[in-house]
Each structure stands twice: as structure tokens, then as C-alpha cells.
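>>> Structure, please.
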Amino acid sequence: MKLTFLGAAGTVTGSKYLIEFQNKKILIDCGMFQGLKELRLLNWDIPKFDPSSIDAVLLTHGHLDHSGYLPRLVKLGFKGEILATPPTLKIAEIVLKDSAILQEEEAERANREGYSKHKPAMPFYDLRDVEQTQKLFRQVQEGKWLNIANLFKVIFEYNGHIMGSTFIQVEANGKTFVFSGDLGRGKDNLLYPPKKPEKADVLIIESTYGGTVHPEEEDVLPKLTKIINETISRGGSIFIPSFAVERIQLIMLILWKLLKDKKIPEVPMFMDSPMGASVLEMFHHAHYWHKLKTEEFNQMCSYFRIVGGYFETMQICNDKKPKIVIAGSGMLTGGRILNYLEARAENEKDTLLIVGYQAEGTRGRKLLDGEREIKIYGRMIPFRMQIEKIEGLSAHGDQNDLLFWLSDLRKEPSHIFIVHGEPDQSEAFKQKLKEVKNWSAEIPRLDQSIEL
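Numbering: from 1, shown residues only. Just a heads-up that it's a prediction; the model follows:
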């Protein structure tokens, strides 16, 4: 039996793990690399495995860094099943279509304006590839066992990261593998706490915040309130880049509660993300996965203007009155937030409010690290907005959440692999595991294979 780390090893992106046993192969997650250019270029490499030989792909959740390589895999010959919970498959459909459109638009713009070194610039995949990928989707029920290739026994268990997200337990050859996926938080306004595994021979656990303890919400809200009030009082607007899945909905909920409690002034509030709007619709139909009551959800949505097309976005960009805008994407890697920054980056009265994780190499990370120019659509723009960061609103569990998730394991796993984290976070969690539980763990290298 062999386990190979094809992504999210030594980095926080591109989750992709291959299990091989008795000539059968399954992938756990199939994500794109994002962030640093050297990581993004890995997406274009010829895979170190034959896509047509994969029997099935199991998705922990629908974020691009866990599902974004699927259309490429299909394009290269994969014909097996793609298994996930219904919300995960719906989110994957939304995310992949949006990704394909953005890639097509970026390639078209690069060719028109001549700022790509590739002649012609090509999208990584297009909408036709996504449509072919969707034909392979197969829904699974959370908490129910199923068999794959008459060899692997598999269960998907609620893990509270985003709608539909799960950790995945795989049993084969007398061994139990547990893949954490991205773990949610013990206390969350929208989602329930993650279920916990009770046994694992081989544990693959994320470490996005493996060395970090999030502040409590009661410490977060006063800072958020202060930022909003100060920006509006000087005549500026607040622009919040946010992930479309679950983060946008959480920010909307928090802003609505602040407004209802009269802690912030009544200014226009906009949600400008087609993906975010699609996910909002999901919240109406997937009550099992979240805490919000229908009435509460409808009231929240009534306070926001859901932006339609690009023309409406540009109207809002050019409106000088104070406002709050939430827009994708969360790490400024694409989406309509770039239109706002292109128009407003030089306005010192405005505030760019970072509320989520920013991977290395992304525009968001560069701005947080002090860069004062931003490259948008091939053009360098001076950045003079105020920039603020709010910790504690991440969809990822922190170090304490990760340790608590492991608390029901009856014995130490034979193998523990710490993945999906930048080196300092993974190393910190490795040390904490040793200190608290006296468990030994390994941080695998990209493309490393382990014989089990």
C-alpha cells in the first residue's frame, strides 16, 4: 500500500493525496496550487501519475485548492467517479465554472493587451472541461459507509469548515486512513462543531493555523466596529475581499448584527460576488449543514444589495459615498474585488479590510507585508488605501481546535502526516503534538511516497 503527497505538502495549497493498493488508485482531493508563481506553475506540469488509472476522486470540500484541478484531470483522461456530499458538489460546480470563466477572460484580455509572454495565452481549462467534469459527480451521504472498487471502505464525516465539508475515513487492508480536510472551528456563528475520529492508523491532518490561537469573537467585534466607524467618519468606504463560500455569509451575518445593534451607521452594504450569491441560495436549501434559521437568514439578506453584472460593479466603484462592499476573491487573486481596487486603490480615505487567510505570493499577502503597489490586469497601481486585518474570522480551526479534534482517538496513530500549512505553522503543530500528546509526526515533502 502506498500513499503519495501530490500537493499541500510543505505548502498550504493544492491538496492532492494518492492511495494505491492492489492496482487500484484513489485520490483524496484534487486541488489547484495557488499563491506563489512557482507553485502556480506546478499546475501545468505533466502529472506524475496516469490520470486515466485513477478509479475515483474523493473530495473533502469544494474550495479551489481542493477541487480546482478536477477539470484538468478529466482533460488528461480521468473517467472515474468524483464523490462528495451534495453541497460540496454544488460548491465545486460553482467554483469550477467561476474559475474557468476567469481563466478564459484573463487569457482573452492578456492576448488583447499583449501582457502575457505566451503567444497565445491559454486558459488552464474552460467551461467545456468543467461540463465534462460534472458528468462524473456522484453524491454521497454524510455519515454513511460505502465501498469503492470493491477494495476501499469509505465514510465522509461533517467537519464544520464550509457547507458540505467533511473529513474522510478510508479503510483498506486492515488499516484506517483519516484525512482531515480543512477543519472548522469549535465555535462558529454559522456551522456546527466538527465530528471527531475515534481511530486512525494513518492520520493526514491540516495545519493552516497549526501554530496559531484565534482571538475570541468578543475581542474581534470591537476592532471591526472601530475600523468601520473610523472609515465612514472620514468619508471613506470599506472593501472586504472574502471567500465566496461561507466567509461572505459570515461577514454578512456579523455586519447585519452590528447594524441591528446600532453599533455601526446605516450605510449601503453590497455583496458583489456571483459565486457568493449562488452559495447564499444554497443556504436556503441545506438546513442540515448550518445553524441559521430561515427568518434570520432572510432578514440578514434584506439589508444587502446583491450586485448583478459588471456595469453595476463599475457604478458602485465610481460612487464616492461611504459604503461597505464584500467581494471575491478572498486573497485578491481574481474576482470583482480587483475592479474595486483598480478604481479605488489610490484613495486614502478607503479601507481594505482583510478578514481571511492570505497565502504566500497572493496580492493580499503582499499588501499585508507592506507592498505599496498592486499589479492588476498587467498594470502597476499605487496602493494608498488604509489596510486593516481582522484575526479570528477564519473558517479554519486554530491549534486548539486541531488538538481537540484529535481528543477522541483511542491511541496514537502509527503514522501522522502534517499537511496543508506553511512550514512555520506545520512545524509549530508538530512540536505541539509532541509536547501535549507525546505523538511523533512527519511533515511530508511534495511528491513524497510512503510505503505502508
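>>> In terms of secondary structure, what does the helix or strand of the chain with the lowest mean pLDDT contact?
Within the chain, no helix or strand scores below helix 274-285, which has a mean of 85 by mean pLDDT, DSSP states H and E. Packing partners of helix 274-285 (3 or more C-beta pairs under 8 Å, 6 or more residues apart in numbering; DSSP states H and E): helix 86-113, helix 247-260, helix 294-302. Every residue, glycine included, has its C-beta placed from N, CA and C.
>>> Could you tell me how far the closest residue in space to Leu452 that isn't next to it in sequence is located from Val355?
With C-beta to C-beta, 6 or more residues apart in numbering as the criterion, Leu452 has its nearest non-adjacent residue at 4.6 Å, and that residue is Met1. Distance of Met1 to Val355, given as C-beta to C-beta, to the nearest Å: 41 Å.
>>> same deal with Glu412?
Glu412 is 36 Å from Val355, by C-beta to C-beta.
>>> higher neighbour count, the two?
Between Glu412 and Val355, counted using other C-beta atoms under 10 Å, Val355 has the larger neighbour count: 24 against 16.
>>> wait, isn't that one in contact with Ile240?
Yes: counting by C-beta atoms under 8 Å, Ile240 is a contact partner of Val355 at 6.0 Å.
>>> which residues do these two both contact?
Shared contacts of Val355 and Ile240 (C-beta atoms under 8 Å, 6 or more residues apart in numbering): Ile251.
>>> list the contacts for the residue nearest in space to the middle of the chain?
The residue lying closest to the centre of the chain (C-alpha atoms, centre = their mean) is His63, at 4.3 Å. Listed by C-beta under 8 Å, 6+ apart, the contact set of His63 reads Gly31, Ile91, Val95, Ile162, Asp182, Phe243, Val245.
>>> Which phi and psi values does it adopt?
Dihedral angles of His63 (phi, psi; degrees, to the nearest 10) stand at phi -60, psi 150.
>>> Can you tell me how far it is from Leu280?
His63 is 17 Å from Leu280, by C-beta to C-beta.
>>> about what we covered before: present the helices and strands packed on helix 274-285 as CSV; the columns should include mean pLDDT.
What follows is the helices and strands packed on helix 274-285, written out as CSV (pLDDT from 0 to 100):
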stretch, mean pLDDT
helix 86-113, 88
helix 247-260, 93
helix 294-302, 90
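>>> Would you mind putting the ones you listed into a markdown table with mean neighbour count and distance to Tyr310 alongside?
Below are those laid out as a markdown table (neighbours: other C-beta atoms under 10 Å; distance: least, C-beta to C-beta, whole Å):
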| stretch | mean neighbour count | distance to Tyr310 |
| --- | --- | --- |
| helix 86-113 | 19 | 10 |
| helix 247-260 | 20 | 18 |
| helix 294-302 | 13 | 22 |
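>>> mind checking which of the ones you listed is nearest Thr166?
Nearest to Thr166 among the helices and strands packed on helix 274-285 is helix 86-113 (7.4 Å), distances taken as C-beta to C-beta.
>>> Which neighbouring elements make contact with the helix or strand following that closest one?
Later in the chain than helix 86-113, the nearest helix or strand by DSSP states H and E is helix 127-134. Counting contacts by 3+ C-beta pairs under 8 Å, 6+ apart, helix 127-134 packs against helix 70-75, helix 86-113.
>>> ok, how many other residues are close to Ile28?
Neighbourhood size, Ile28 [other C-beta under 10 Å]: 24.
>>> contacting residues for Gln425?
Val12, Ser207, Thr208, Tyr209, Gly210, Gly211, Thr212.
>>> Then Ser207?
For Ser207, the contacting residues are Leu402, Ile418, Val419, His420, Gly421, Gln425, Ser426, Ala428, Phe429, by C-beta under 8 Å, 6+ apart.
>>> Out of the residues you listed, list just those in strands.
Those of these mapping onto strands are Ile418, Val419, per DSSP state E.
>>> Can you pull out the low-pLDDT segments for the stretch 101-250 of the chain?
Within the stretch 101-250 of the chain, the ranges that satisfy pLDDT under 70 run 115-118.
>>> What segments of it are strands?
Taking DSSP state E, counting those that start in this stretch as the criterion, the stretch 101-250 of the chain carries its strands at 137-139, 146-148, 152-158, 166-172, 175-179, 202-206, 238-241.
>>> Tell me which of these sits most buried.
Burial of those is given as mean neighbour count (mean count of other C-beta atoms under 10 Å); strand 238-241 ranks first at a mean of 27.
>>> mind checking how far the residue lying closest to Lys79 once chain neighbours are set aside is from Met1?
Nearest non-adjacent residue to Lys79, counting by C-beta to C-beta, 6+ apart: Ser52, 6.6 Å away. For Ser52, the distance to Met1 (C-beta to C-beta) stands at 21 Å.
>>> Which one of the two is surrounded by more residues?
Between Ser52 and Met1, counted using other C-beta under 10 Å, the more crowded position is Met1 (15 against 11).
>>> The more buried one reaches Ile19, doesn't it?
Yes: contact between Met1 and Ile19 holds when scored by C-beta under 8 Å: they sit 7.2 Å apart.
>>> any common contacting residues for those two?
Counting by C-beta under 8 Å, 6+ apart, the residues touching both Met1 and Ile19 are Ala172.
>>> on that earlier part again, save the helices and strands packed on helix 274-285 as CSV, and put in distance to Arg365 too.
As requested, those are arranged in CSV below (distance: least, C-beta to C-beta, whole Å):
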stretch, distance to Arg365
helix 86-113, 19
helix 247-260, 16
helix 294-302, 30
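>>> Nearest to Ser394, out of the ones you listed?
Closest to Ser394 of the helices and strands packed on helix 274-285 is helix 247-260 (C-beta to C-beta; 8.3 Å).
>>> which strands and helices sit next to the closest one?
Applying 3+ C-beta pairs under 8 Å, 6+ apart, we find helix 247-260 packed against helix 217-233, strand 269-272, helix 274-285, helix 294-302, strand 324-327.
>>> contact partners of it?
The contact list for helix 247-260 (C-beta under 8 Å, 6+ apart) reads 188-190, 221, 224-225, 228, 240, 242, 264, 266, 269, 271, 273, 276, 279-280, 283, 292, 299-301, 303-304, 324, 326, 328, 330, 355-356, 393, 395.
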